[in-house]
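> This is a predicted model, with the sequence first.
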Amino acid sequence: MINKNRNIALLIEQSVNVVDALNSNIRLTDEEQSFICNHFERIELNKNDFLTKKGSVENYIYFIESGVLRYWESSMDDEKEVTFGFSFSGEFAHSYLSLKNRTPSVFNIQSLCNSVVWRLDSSSLAFLYKTSLNVNRIMRVVFEDCITKKIVRELNLLKYTPEERYINLTKTNRELLQIIPLKYIASYIGITPQALSCIRKRIS
């Protein structure tokens, strides 16, 4: 019998079907839904809470019900933060190399606002990998989406000027500009907050 928290299984199913046009219509079985609902744990984060800290070994993969998470690392002297990614509602978040290899995470994942996140421990994920074709399909979509976003960001850094990067961001990721502090956006596109301020004044 599916428990009353079935919504997390359906949220995951719906989000993945939206992301991947090539592999839509994933439908979890009742058994898969039941397992997901019984093993995903709901947690609430306050603004600035850490989901994952650099140097700790990751034990979970996460699904964001609501909120925004920032991925960042710091310089050797911990004086400069470098933001290299964000995850939003309806997306997965993870420090997967740490989870997979049982090594310390090399970056932080931090909540930028009050957020609701569901987490699944590594042993439960491993069980689903062995027993569920649908979960394997879901995680393939998740990691393909991660790779695609990484490639797009790297190409933007190589091909475009800082001003062009910011303009492209305003066209494709308006949610970033509405929610995320400008200092993090500046770091994400590879410039200083002062340079971003000049760009914003120039194009306003």
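Right, received. Where do you want to start?
> Now do the helix or strand that residue 100 is a member of: which elements does it pack against?
Assigned by DSSP states H and E, residue 100 falls within helix 96-101. Applying 3 or more Cβ pairs under 8 Å, 6 or more residues apart in numbering; DSSP states H and E, one finds that helix 96-101 contacts strand 60-66. C-beta coordinates here come from the backbone N, C-alpha and C atoms, glycine included.
> May I have the strands that pair with the helix or strand following the strand it packs on, each with its orientation?
Per DSSP H and E, the first helix or strand lying C-terminal to strand 60-66 is strand 68-74. Using DSSP bridges, strand 68-74 pairs in its sheet with strand 81-88 (antiparallel), strand 108-111 (antiparallel).
> now for those strands, which one comes closest to residue 167?
Nearest of those to residue 167, taken as Cβ to Cβ: strand 81-88 at 18.1 Å.
> Let me see the mean pLDDT of the closest one.
Strand 81-88 carries an average pLDDT of 93.
> what's the angle between that strand and strand 60-66?
Orientation check (axes from the mean of the first three to the mean of the last three Cα atoms, to 10 degrees): strand 81-88 against strand 60-66 gives 70 degrees.
> quick one, which of the strands paired with strand 68-74 is nearest to residue 192?
With Cβ to Cβ as the measure, strand 81-88 is the member of these nearest residue 192 (11.9 Å).
> The closest one: how far from the chain's middle?
Distance, stretch centre to chain centre, for strand 81-88: 9 Å (Cα atoms, centre = their mean, to the nearest Å).
> switch to numbering from 35
Sounds good: first residue 35 from here, last item strand 115-122.
> C-terminal to it, what's the next element?
strand 126-127.
> can you list the residues that contact that next one?
For strand 126-127, contacts defined as Cβ atoms under 8 Å, 6 or more residues apart in numbering pick out 85, 95, 96, 97, 98, 103, 121, 143, 151, 176.
> Residue 44 reaches residue 70, doesn't it?
No: assessed by Cβ atoms under 8 Å, residue 44 is found out of contact with residue 70, at 9.4 Å.
> who's more crowded, these two?
Between residue 44 and residue 70, residue 70 has the larger neighbour count (other Cβ atoms under 10 Å), namely 27 against 14.
> rewinding a little: reformat the strands paired with strand 102-108 into CSV and put distance to residue 183 and mean neighbour count next to each item.
Below are those laid out as CSV (distance: least, Cβ to Cβ, whole Å; neighbours: other Cβ atoms under 10 Å):
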stretch, distance to residue 183, mean neighbour count
strand 115-122, 7, 18
strand 142-145, 15, 21
